[in-house]
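S.K.: I need the structure of the sequence given here:
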Amino acid sequence: MVERELLKELIKNPVLVSDLGFDDISKILQDVKGIFEKENLLLEFNLKDIDKEIYVIGDIHGNLDTLLKLNKIIEENKPEIVIFLGDIVDRGPKQLECLLIILALKILQPYKYYILKGNHETLEMNQFYGFFQDFISRFRNSGKFNKILELYNLLPLCTIINNAILCLHGGIPQDNGILKKLRGVKTKEIKLILNSISQGIFQIIWNDPKEGLKGFADSFRGAGIKFFGKDVFDEFMKVNNLKFLIRSHECFTEGYRWFFDNRLLSIFSSANYRGVFQPASYALIKNGNIIPKLLDL
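M.R.: Reported below is the predicted structural model:
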């Protein structure tokens with residue numbers, strides 16, 4: 001078990017990550033793995049106190065500066081729950097630092113912080129966009145990356161808040177019954193139902209909304225990935241008795257964007273992503289309302 005004081009020090013001073021050996025990181029991964037194994041693929045939160053706040057955070061992509069600003073806001077405002085929508089690593093300059101800080105927060109407060117699976121919580125994306133190479137350059141052993149992959153395989157896929165607000169990384173899948181299939185299934189049991197939901201999982205972490213579109217259409221992102229229009233979005237939400245959806249996965253110059261009559265909010269929590277000037281955003285949920293927030297740059 002990793003020492004809690006070490007985790008607190010890492011959060012306060014992320015530069016210490018560079019001093020960690022793989023044994024230290026392995027302890028962190030092992031501790032948080034035990035927490036994820038107890039969680040469901042579909043997390044459900046029902047807050048009885050309407051004044052309690054939930055923060056939803058989008059893609060971080062190794063942007064430590066943004067993550068630390070978000071953490072400061074969280075420490076000041078003390079939301080009840082914080083949900084990360086995935087894509088913690090790849091592309092940014094401080095990928096391992098961001099991952100370990102978020103995992104440290106999860107270990108220290110497992111019922112406050114939750115982490116969902118994004119499309120970059122996969123080996124293929126990490127190999128293509130940098131985290132795999134960054135990890136191997138630090139630890140000189142590709143086999144050690146399996147510890148990261150074990151973690152990815154245990155991440156929840158989505159959350160439902162107060163039976164009304166769905167949070168996930170990418171978008172709705174073509175399978176309107178996917179949430180019923182996920183409900184009550186532990187993350188470690190995913191292999192038991194994988195054959196029936198693999199395409200749905202893939203689309204949850206990859207699909208994108210598109211105004212003016214009817215139905216689903218093939219995406220430029222790759223085979224099996226879809227754009228979805230308002231009609232199929234409305235149908236999915238109706239079938240599952242939901243009001244709103246919060247997702248990330250796409251970067252917008254204005255920081256966030258509403259779709260489909262302000263029922264779908266797309267956020268992105270890495271400022272100036274890939275060198276393009278744009279603010280980071282996150283979502284505040286309070287009293288059944290969704291309020292997009294921008295970070296000061």
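
S.K.: What distance do you get for the nearest residue to N46 once chain neighbours are set aside to K243?
M.R.: Among residues not flanking N46 along the chain, N162 sits closest, at 5.6 Å (C-beta to C-beta, 6 or more residues apart in numbering). For glycine as for every other residue, the C-beta is placed from the backbone atoms N, C-alpha and C. Distance from N162 to K243, counting by C-beta to C-beta, to the nearest Å: 9 Å.

S.K.: ditto for G143
M.R.: Counting by C-beta to C-beta - G143 and K243 are separated by 46 Å.

S.K.: how about the strands in the stretch 51-200 of the chain?
M.R.: Shown for the stretch 51-200 of the chain, the strands assigned by DSSP state E, counting those that start in this stretch span residues 53-57, 81-84, 113-115, 158-161, 165-167.

S.K.: on that earlier part again, contact partners for the residue nearest to N46?
M.R.: Taking C-beta atoms under 8 Å, 6 or more residues apart in numbering, we find N162 in contact with 45-47, 288.

S.K.: What of Q174?
M.R.: So Q174 contacts 199-200, 203, 216, 226, 232 (C-beta under 8 Å, 6+ apart).

S.K.: Try it again at 10 Å.
M.R.: By C-beta atoms under 10 Å, 6 or more residues apart in numbering, the residues touching Q174 are 199-200, 203, 207, 215-216, 224, 226, 228, 232, 236.

S.K.: how near is the residue nearest to N46 to V15?
M.R.: 39 Å.

S.K.: can you check L194 too?
M.R.: Distance from L194 to V15, by C-beta to C-beta: 40 Å.

S.K.: go on, H249?
M.R.: 30 Å.

S.K.: the more surrounded of the two?
M.R.: H249 (25 against 10; other C-beta atoms under 10 Å).

S.K.: ok so, going back, just put the strands of the stretch 51-200 of the chain in CSV and tack on mean neighbour count.
M.R.: As requested, the strands of the stretch 51-200 of the chain are exported to CSV (neighbours: other C-beta atoms under 10 Å):
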stretch, mean neighbour count
strand 53-57, 24
strand 81-84, 24
strand 113-115, 23
strand 158-161, 23
strand 165-167, 23
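
S.K.: Nearest to S270 among those strands would be which one?
M.R.: strand 53-57 (10.0 Å; C-beta to C-beta).

S.K.: that older thread, show me which of the contacts of Q174 is closest to F277.
M.R.: N207 (27.1 Å).

S.K.: Please list all residues in contact with the closest one.
M.R.: N207 neighbours (C-beta under 10 Å, 6+ apart): 119, 168-174, 216, 219, 221, 224-228, 247, 249.

S.K.: try N272
M.R.: By C-beta under 10 Å, 6+ apart, the contact set of N272 is 63, 65-66, 251, 278-280, 297.

S.K.: Going by neighbour count, which of those residues are buried?
M.R.: Those of the contacts of N272 that meet the buried threshold are 63, 65-66, 251, 278-280, by 16 or more other C-beta atoms under 10 Å.

S.K.: By pLDDT, give me the weakest of these.
M.R.: Within those, Q278 has the lowest pLDDT, namely 92.

S.K.: Give me the three-state assignment for that residue.
M.R.: With DSSP: H, G, I helix; E, B strand; the rest coil as the basis, Q278 sits in coil.

S.K.: Name all residues that make contact with F228.
M.R.: Counting by C-beta under 10 Å, 6+ apart, the residues that F228 touches are 170-174, 203, 207-210, 213-217, 219, 236, 259-260, 264.
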